[in-house]
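> I'll drop the sequence and a predicted model, then ask my questions.
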Amino acid sequence: MFITVRFGDRQEAIFNPNCKTRLLLDSIKRRCNCHKDIDVDLSDELGNVKNLQQGLHKYANELLEEREKLVLLRVEKTEGAEQPNYTPLLNDRESIDSRFLARLSSRGDSSRPETGRGHRKSGGRKRSDAPKSRLRATTPTGRNSKSRQGSKH
């Protein structure tokens, strides 16, 4: 399992979310050249904030989808404000448009479970809900890895 984090001037980095969320965010800050003292979070490409700061002791793969492309965000908490301010750390005018920014600013309420697995507002299918036959990994020879595992037993 991996995720892709988009940041900077159309840069991307791949991360393994099979770890505690705190460790993943520390690794993202280090590899994406963020200052150690800032808080970061991620959003999907539509501007839906993942609110990873709320689940620092959970495993990140419980909160993120496999092969998801995410945008790196700076989180700025202001005193007296209900929601933090999110600033995308991606310079890409095609991706970071007015609709993305509008959705980003309306999604800071952590009381609404809109991120993570099993918390979708829309009735649409997620990529991971696709038929399992399309998601099986294959070996370089084209065989399904599941059929290889069956032959070992």
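Yes, it's here. Keep in mind it's a predicted model, so treat the numbers as computed, not measured.
> make it CA atoms for all contacts and neighbour counts henceforth
Fine.
> Once you drop chain neighbours, what's closest to Asp44?
Among residues not flanking Asp44 along the chain, Leu70 sits closest, at 4.7 Å (Cα to Cα, 6 or more residues apart in numbering).
> Surely the one you found touches Ile3?
Yes: Leu70 lies in contact with Ile3 (Cα atoms under 8 Å); the separation is 7.4 Å.
> what about those two, which has more around it?
Applying other Cα atoms under 10 Å to Leu70 and Ile3 shows that Leu70 carries more neighbours, namely 24 against 18.
> give the contact list for that one.
Neighbour list for Leu70: 3-6, 42-45 [criterion: Cα atoms under 8 Å, 6 or more residues apart in numbering].
> circling back: so for the residue nearest to Asp44, what's the pLDDT?
For Leu70, the pLDDT comes out at 97.
> And it, its phi and psi?
For Leu70, the backbone dihedrals are phi -130, psi 150 (criterion: degrees, to the nearest 10).
> Packing partners of whichever helix or strand Ser27 is part of?
Ser27 is located in helix 21-31, with elements delineated by DSSP states H and E. Where contact means 3 or more Cα pairs under 8 Å, 6 or more residues apart in numbering; DSSP states H and E, helix 21-31 is packed against strand 11-15, strand 39-44.
> what do you get if the cut-off is 10 Å, keeping everything else the same?
Counting contacts by 3 or more Cα pairs under 10 Å, 6 or more residues apart in numbering; DSSP states H and E, helix 21-31 is packed against strand 11-15, strand 39-44, strand 69-76.
> With respect to burial, which of those scores highest?
The highest mean neighbour count among those, using mean count of other Cα atoms under 10 Å, belongs to strand 39-44: a mean of 22.
> measure Arg99 to Asp26 for me?
From Arg99 over to Asp26 the distance is 29 Å, taken as Cα to Cα, to the nearest Å.
> Cool, thanks, talk later.
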